[in-house]
Every structure is written in structure tokens, then in C-alpha cells.
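>>> need the 3D shape of this:
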Amino acid sequence: MERLKSNGGEHDNPGYDSTLDEPPIYVETNFSNGDHRTVRPSVVSAFGHDTLDRGPNIDFYRNAGSVSGHRAVRPSLQELHNVFQKNGAISVPDTVEDDGEGSDGTPSDDLESAVPVETNAGALKFGWIRGVLVRCMLNIWGVMLFIRLSWIFGQAGWGLGIVVIALSCVVTTITGLSMSAICTNGVVRGGGAYYLISRSLGPEFGGSIGLIFAFANAVAVAMYVVGFAETVVELLKDNAAIMVDEINDIRIIGCITVVLLLAISIAGMEWEAKAQILLLVILLAAIVNVFAGTFMPATDDKKSKGIFNYDSRIFLENFTPDFRDGESFFSVFAIFFPAATGILAGANISGDLRDPQEAIPKGTLLAILITGITYLGVALSVSATVVRDATGNVTDLVTAGLSCNGSSAVAACELGYNFSSCAVEKCIFGSINTNQVMTMVSGFGPLIIAGTFSATLSSALASLVSAPKVFQALCKDNIYKILHFFAKGYGKNNEPIRGYVLTFIISVAFILIGNLNTIAPIISNFFLASYALINFSCFHASYAKSPGWRPAYKFYNMWLSLLGALLCCVVMFVINWWAALLTYAIEILLYIYVMVKKPDVNWGSSTQAVTFVSAVSNALSLSGVEDHVKNFRPQILAMTGSARARPALLDLAHSFSKNYGLCLTCEVIVGPRSEVLEEMNAGMEKNQLWLRKTKRKAFYAAVACDRFRDGAESLLQASGLGRMKPNTFLIGFQRNWRTAGTEAVQSYVGVLHDAFDFEYGTLILRMNQGLDVSHIVEAEEEMLKSAKEQQALDKDMMPNGGKAKGLFRKSRKSSKPVLTTRVSVCGPPPPQVAKMNERLLEASAQFQKKQPKGTIDVWWLFDDGGLTLLLPYILTTRKKWKDCKLRIFIAGQPGRCDQDKQEMQSLLEKFRINCTDIHVIDNIHVQPSAESFKKLEDMIEPFCLHDGSKDAAQAEAMRKEQPWKITDEELSSFEEKTNLQVRLNEVLQENSKSANLIIVSMPIARKESVSDFLYMAWLDILTKDLPPTLLIRGNHKSVLTFYS
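Have a look, this model is predicted:
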């Protein structure tokens, strides 16, 4: 086996990192039989002989364009199974490299398919501590810790305060567990929450949540920066250093801060990571400072402001809630919960993590634990040292003999301070009255201010990095094509510079004009919607029980994930009901948009898995239900050939089944199986894709057989699944039966006999122009192929792939040698042929467009169970056929026309089928004209044996030599039936020449009695020179009923 070698490194994968894993190494090996091949040493040493088979290797499971190594190609089953050509060159490429065409930004099949534009050599990758733990802790430790935590525990008491923190941690922990399961179910690339949700639930959910999540992070930058600016302005105000006024100072400081943060971000992830470490050190020092302050002896000034040392009386008094100013448990919870929404900070930079599968679960869950304990520790320390109300007046001491029992502040009273005046008028100190409690409690106040700065800036920096990263991943998948401009990355880390600029613009806009108090609950709900979908993704993937769902992280539970999703939805309404409704509305609109656009991606989502499970379940439940005539619907098996070969046949079949019944478009590829198998396999996906793109709700099925009839028989017997099995067979009329040859006619009529044997309702469509447009389709495909080859040739002839400028600019008038060669070989069709093709194409599109006002003429001559009447009725219910009225034609006896018409009218009324007119034809039994009969005689003349004038022995010999010919005895036996077909054509010409569609009861040929050529002559003469005609014969089982 000769290995395909790289052409001078010309197609080297730019994303390949040789330090990660080398592609298979091959050596030259000689064998005793004289063969000289390039094989893997491991294969030879393991099996002792040269073999095309390969041992298991990770390179076989990569995708084209894998960023972690070359994809190797194992030998195909055909290469191992087919007859070995001793002297033939069997060439199996060992590695496949992506040519890069269409890779950048096009929707990828899987997670490794995106090929980076720039090399990733030297890219900075973070471990779980710097990449996830630090970022999550910084994001969760927000300004809430230093400004609002004491107020929350003052309102709710530490009893309900613990519940607030615990409930928040429960929601985030469940989300963390779900995220851990999803992260460890395969390689994780950049995109964070968007990547996890889209690859699990599909592009509809992922695309909708990705956009609002990126927007939420961008606006969150503004929120955190405004929080920082407000703190700075407070300091300026205390020192009488206001620049303009408070509002404009906040805007100025906010804009300057965002510019500095943007500079840090654009400088690269390394600088951003160093800044985060510095901010973490400051934040940790501030937290330690709070705990240290609670152990320092309280001064008189602190005591007058309600701050004491640890005391059980203060702790017990702060246990019960004391909600004021209309606050409640839910309102307090709504204020605290946004502090817990930083758990995705690490996941959002998943593309910059060394091992996201390990880092995200470990770092996120540990961050939730550490921050949860920190919040509880700080809150309980404050609850044990700070009373709810204090005057700040050092002279408000308890006078001798004053009883503390009736005081509103018992603990303070017992500690020697009288704050009872706070019950009458509002005090400005105490845990419930001021946001500066942490500053006053701490050992060194300015460090708390520094901690507040650190908390706001770290959260703003994390959001400023997260938004562009998530947005870039979304744009790379090209779900929203208009946003593809932002997919491009720069530098060794593939930094989304364009995304940074967009995030900067959004955040500055909201700093300048946004009402952040109104925006804040919407942003919190956007984050919660992401958490809800992460939880639901885990539940959904577990529920689908797909074999591909094998997370390495086992500490999760599908029902716990579902509970987490429901909790997130409930919390959304608790925080703000109108913001929750707005979030759902935006998400639904984006979901519908993506669903309508149908991005060309396939990520193996759990939605696909659940759809499959649901389909199997429904099919199984359906198989246990007995068929009932009221539920009968035509399930079409249409012999169209390839999906594009006979458009009129497919369109008519689709009109019958629409979205409510099964429609199979089938092809029999005739030839030796070894030769046609490759063609069949290649056509399966192509034909099904064409059906989907043209919105034909049908399935494509193909079989490879030596004979057409054998293939059709296989399809008739084996198609379908349980009750979802075709019951109606549709085939085009064989117009060339007189020149096709004996075998072709016998095969065609044999298929009709098989359809009757298997009790199919059988339909034959005839159109004067014909049905088969495959030769036109093939010519069109050939022309497209030629154009592509010419385009590739022009590109290869140009320096730098046709991208050069100046002297090497590509000419607009490029030559067409390839196209000219192909066209000159084929030659343009003659005018007569071109005109025929034009008429054929026009006729083939007849059933695609809306039908003009007219009639569908139904010639219900024989009772076949009602299929001949049901199918035209179904057509009239379709939008394209709604302007067509039914006209019913029946055969009647002379003198009974009125009675026959009344009987049919009564039957139609019982069936609840409306028609414009009922015609009773009472002269069908009349002999056809000599002219018409002459047409039939000319038609069958070449196939008549003319054995009547011969003696018995000679006639017998003629019948044995040509058994397929029509004997004189047969013509005599079926003279009346033959005359009937000729006469019916005359009557059809008289009554239905202007109909949009004619439907006629199909004559049946008794097996081994009517020869194939005579039967074809019947069908031909019956439908000759008419508008589109459909012959129908039901399986003589009722498909109509008038019972309820």
C-alpha cells in the first residue's frame, strides 16, 4: 500500500501542534511475496504480516481540520472486503488535511472542525486555578459583599439570610454539576455557555441564548463600571472634589475606566490574567480586613454607630427578620442573587483553557464552595457584632434604672446604649440603615474601599473578556450570517478584537444613556436563562439516553438538573416578573428566527436524540393500533428514480401525502451490485438533501439490483416501518414500451402485477410530454461541474490563489477552456430537441404551481374500495388545487341515467364529498369507431403472433419461440375488454379534454391470461392524447365510510 504524501507541506494543517500527538509513522517494508509497501511498524509487529487493517488509534476519530492533530483515515470496508487486485495499486491515505476552503466561519459538523486562521503556536493556555477558579471567585465576590450584604442580613435576619445564600448556592451548584457533566462529554472549544448549550440542545437554543448572553455580558460591563464610578464619586464628594456634577462625573469616570479595561483586554489574555491576580490579592486582603476588624476592641465611636465586639445577645436579636420599607424575603433574595451569577466566568473563556474538561468542573464548583462559605462567614460575623439601628451619638447611653425590656433595641440597651429613638425617627447607622457597615467594621476602612474597587473592576474585566469570546464563537458558527464579520480573530490567541470594540461601544452607550436600575433585572434574567438551559441541556441529554452521552463527570442527576432548570425559571420571576417575560419573549423570537433560517449545522444535539426516541416510541405505539377505515390515508411509494428525475410524479405524490402521510421517492439502480453500490450510497444523502431543500416532505430510498423488477419487488415488500408502511404505489407510464424491448415491458408490467399481489393501491401517471427529465438534470450538473473546474483552473493560474493585486490582478474576461471542451464534445442540442426539452420542463413543473380554475374529472367506473374517489377529494383540500372542482363520471345503463345519478349523489352525500356535477355515461358499451380501432391495431401489430392462420404444430412452435407475443386466441378472448379501452378514450376525448387532471379507473390484466404487450396497449390507448391522466386501482378494501 502506497502512502499518500504531503505535497511539500503545501496543505499542512495550520492548527496542528506537533507537541500534542504525532500522526502515525510509516516505514518501507519488504515482504516475502515480493510486495513492497509502506506500513505502520506496529501493524507488522502485532500481526506478523502486512495488512490493510489498522489498529485502534485516536487519529482515526478526529475531524478534518482538527486543531489538535492530523486526522488519519482508516481503510474503508470496501477496500478490505472487495476482491484484492494483485497488481492493482490500492492507495489508502493515512492522513487527511483540510484545504481550508470554507473552513473559516462556515458551520462545522462537529467540535473540532473549525480551523483557526492563524497558527496557535505559543498561545497562552490557562490551568484550572488561573483560568476558572480565580475568575469565578472574582466575579461572585462583587460589591454585594461590601455594600449590601449587611443590609440583606439586617432585613432578613441571619436565619432567613442563610436561606437566601443557601438557595442561591443550590441553584448555582446544580448548574455547576450540570455544566460539569456537559463539559466532560467530549472536547470543549471556545464559546462557554453558548458552546455547551448549542452542542447539546442544537443551534436554535444555542443561537438564541448565545446572543442574549453575549449582550448581557456587554451591558454587565457598564453596570460594574458604573458601580465603580459611583464609589469614586462618593469619595470625590466627601473631599469636595466634584468635577462637573455627580451624574456627569460618573459618566466621565466610567468611560475612562472602560477605555483602560479595553486596553488591558486587547493587550492579551496574559495581561488580563495578571490584572485579575492583582485584583484578587486586593479583594482577599479586604475580606481578611473585615474579619480582623470584628476582633478588634470596639471604640466608643463604633459602639455609638451600632458596632460592637462579638456578643450572643446581638447575634440572637439579629436572628429574626425585620423587613422594612415594603421589603420581603423574595425582594431581598432578588437583590442578593445576582451576586451569585458569576459562575460562568471560567467557562466563557473555554477556548483559552489548557484542559476545559478538567478545569471547568473543578474550578467552578470549588469557587461556588469558597465564595458561599465567605459570604456566610462575613454575614454571620456582621450579624454577631452589629445591631440593626444606631444613632451615631456617643451620648445616647442608658441612664441608671432604665429597664431594657421595653426597648426596641434590647441588645444595644443591655450593652449600655439607648437607641430607642430610632423607633420614632429613622436613624442613619446600623446594619439596616447604611451601606458603609463593612468599612466601619473593618480594621482599616480604606482597604474596604479598595476591595470595592477590586470587586467591581474584576467583574467588569471578566465580563469584558467573556462577551467578545462568546460572541466570536457564535459568529464563527455562522448562525446569524449578518454577524459573521465579528468571527475573525487576531494574534496567537485568536483574540476577538472586533468583538472587544463592539462590547466597548455597547458598554459606553449604556454608561452614557442607559438607565441601569431598569436594565439590571433584565441582565440578571439573561444570565438565569443561560443557567436554566445549561441545566435543561444536561437533563435532556440524559433523558434521550443517547449512547453518545458518556460524561466523565458522574456526580450529576438528570432530575436534579431538571429541578435546577425549574428553580432558575422561578427565580427569574422572583427577581422581576416583567423582565422574565421579556427574556422569554426575546429568546422565543430568536429561536424562531434560527429555526426558520435552518443553519446548515449538525452537532449531534440531544434534541435529535429525543426526536429519534420519540419517533421510535410513536411508531411502536402505532403498531399496536388496528387499522381503521376512518384513519386511512394514502402512504405513497413513488417510483421516481432519483429525487429530481421525475418532478411531476413527485409533486403529485407530495400533493396526496403533504405533511400528513408517508411519501417514499424510490429508485432502482440496475446493474451489478459491486458496480452500482458506490453510486447508490453517494446518491442517498444527495437526494435526501435535495428533498429537504425543496421542502418536499418525502423520504428517498434506493436499492441496487440486477433487474428493475427485483428491485421494485424489494421496495414493495420491505419499505416502511410497522404501521408507517406504504399502501399506494405510484409509477409513471412507460411511453416507449413499443421500442423498449421485451424484457423492459415484461419487467414494467411485472411490477404492476407485484403491486396488485402485495395489495397496494396502484396509480399510473401519464403526461403527453413525458415525466423523465434526468437527462436535463445530468446536463445541468455537468455544466456546473465544468464551471467549477474552470473556476479552480483560473484560481490556480493566478499568483496567490487569485488574490494578487496590481499587475497580477485577475482578469474579468477569463478563458473557458474546460467549459468549451465539454460543451464542444457534447454539442448544443438541435432546435427540435431543445424545444422538446423546454416543453418537458414546463410540463414537469405543472404540479408545482397553483392550478388554474378548472376541473378534476373522476371516471369512477369500477368500485375499488373508494381510492379512485378519495385521492381526488384529497387534492381539492390542498391549496394548489383549491380552485379545481370535482366532476364525477360513472357508467350507466341506457334508460336508468337519472336513477344512477341519484344513487351516486346519495352515496357522495353520505361520504360528505362535494362535487359540481355528476355525469352518467350510458353509451360506453357502443363499439369504438374504425379510426380509433385502427390506432390500436397499428399499436399492437408488431407484437401480434398471427398464429390463427397456421396449423396447430406451427402455431405451438411460434408460441414457444415468442411466448410474449399476443396470440389471436387472446385477442378474441379479450375483444370486448380491448374495445372498452378504445371506446373509453373516445368518451374521455369528448368529455374531459379541457380538464386539469383526469382520474380513471385502471383496467386490471389477469395474470397469465393477458399478455404484457396487450395490457400495455390497453393502458396506452386508454390514456392517449389526453391532459395529465392518472389511472387508479385501489386494493378493493374500503377506504371510505359514511359511519361516524
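
>>> after the helix or strand encompassing residue 411 comes which helix or strand?
Assessed by DSSP states H and E, residue 411 sits inside helix 410-414. Remark: after helix 410-414, the chain's next helix or strand is helix 437-441, criterion DSSP H and E.

>>> returning to that earlier point: which residues touch the helix holding residue 411?
With Cβ atoms under 8 Å, 6 or more residues apart in numbering as the test, helix 410-414 has contacts from 306, 311, 313-314, 316-317, 387, 389-390, 398, 402, 404, 407, 418-420. Where C-beta positions appear, they are placed from N, C-alpha and C, glycine not excepted.

>>> just those now: which is nearest residue 750?
Ranked by distance to residue 750 (Cβ to Cβ), the contacts of helix 410-414 are led by residue 316 at 95.9 Å.

>>> my read is residue 852 is in a helix, agree?
No: counting by DSSP: H, G, I helix; E, B strand; the rest coil, residue 852 is not found in a helix; it is coil.

>>> quick check, residue 729 in a strand?
Yes: counting by three-state DSSP, one finds residue 729 located in a strand.

>>> I'd say it and residue 763 touch.
Yes: using Cβ atoms under 8 Å, residue 729 is in contact with residue 763, at 6.7 Å.

>>> that older thread, quick check: mean pLDDT of the helix holding residue 411?
Across helix 410-414, pLDDT averages out at 76.

>>> with stretch 56-76 instead?
The predicted model gives stretch 56-76 an average pLDDT of 64.

>>> go on, stretch 448-468?
86.

>>> from the chain's centroid, how far away is that stretch?
Relative to its chain's centre, stretch 448-468 lies at 35 Å (Cα atoms, centre = their mean, to the nearest Å).

>>> where in the stretch 401-550 of the chain is pLDDT low?
401-409, 514-517 (pLDDT under 70).

>>> which helices and strands does the helix or strand hosting residue 271 pack with?
Per DSSP H and E: residue 271 is located in helix 269-295. Judged by 3 or more Cβ pairs under 8 Å, 6 or more residues apart in numbering; DSSP states H and E, helix 269-295 is in contact with helix 134-140, helix 246-267, helix 356-383, helix 437-441, helix 445-476.

>>> could you report the separation of residue 968 from residue 947?
6 Å (Cβ to Cβ, to the nearest Å).

>>> quick one: which of these two has more around it?
Set side by side, residue 968 and residue 947 show more neighbours around residue 947, with 21 against 15, by other Cβ atoms under 10 Å.

>>> tell me the contacts of that one?
Here residue 947 is in contact with 954-955, 958-959, 967-969 (Cβ under 8 Å, 6+ apart).

>>> and those, which are buried?
955, 958-959, 967 (16 or more other Cβ atoms under 10 Å).

>>> if I look at residue 813, what pLDDT would I see?
Residue-level pLDDT assigned to residue 813 equals 42.

>>> can you map out the strands along the stretch 501-650 of the chain?
636-639 (DSSP state E, counting those that start in this stretch).

>>> looking at it, residue 539 is touching residue 556, isn't it?
No: between residue 539 and residue 556 there is no contact, the gap being 9.6 Å when judged by Cβ under 8 Å.

>>> what is in contact with these two at once?
Contact criterion Cβ under 8 Å, 6+ apart; residues shared by residue 539 and residue 556: residue 178.

>>> return the closest of the contacts of residue 947 with respect to residue 918.
Distances from residue 918 to the contacts of residue 947, taken by Cβ to Cβ, are shortest for residue 969, at 39.6 Å.

>>> how far away is that closest one from residue 184?
For residue 969 relative to residue 184 (Cβ to Cβ), the value is 80 Å.

>>> again, but for residue 56
Residue 56 sits 21 Å away from residue 184, going by Cβ to Cβ.

>>> also residue 150?
From residue 150 across to residue 184, the span is 39 Å (Cβ to Cβ).

>>> more crowded one of those two?
A count of neighbours by other Cβ under 10 Å puts residue 150 above the other of residue 150 and residue 184, at 27 against 19.

>>> ok, the more buried one touching residue 386?
Yes: using Cβ under 8 Å, residue 150 is in contact with residue 386, at 6.6 Å.

>>> what is in contact with these two at once?
431, 437.

>>> then stretch 488-497 to PDB, C-alphas only?
Output in PDB follows, covering the C-alpha atoms of stretch 488-497 (Å, rounded to 0.1, in the frame of the first residue of the first chain):
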ATOM      1  CA  LYS A 488     -12.300  36.900  12.800                       C
ATOM      2  CA  GLY A 489      -9.600  36.600  15.500                       C
ATOM      3  CA  TYR A 490      -6.200  38.200  15.700                       C
ATOM      4  CA  GLY A 491      -2.800  37.100  17.200                       C
ATOM      5  CA  LYS A 492      -1.600  33.900  18.700                       C
ATOM      6  CA  ASN A 493      -4.600  33.700  21.000                       C
ATOM      7  CA  ASN A 494      -7.100  34.400  18.200                       C
ATOM      8  CA  GLU A 495      -8.300  37.400  20.100                       C
ATOM      9  CA  PRO A 496     -11.700  38.800  19.000                       C
ATOM     10  CA  ILE A 497     -10.600  42.400  18.600                       C
END
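
>>> list the buried residues of it.
Neighbour count says stretch 488-497 has 488-489, 492-497 buried, by 16+ other Cβ under 10 Å.

>>> on that earlier part again, tell me the one of the buried ones among the contacts of residue 947 nearest residue 334?
Distance to residue 334 across the buried ones among the contacts of residue 947 (Cβ to Cβ) is lowest for residue 967, with 93.4 Å.
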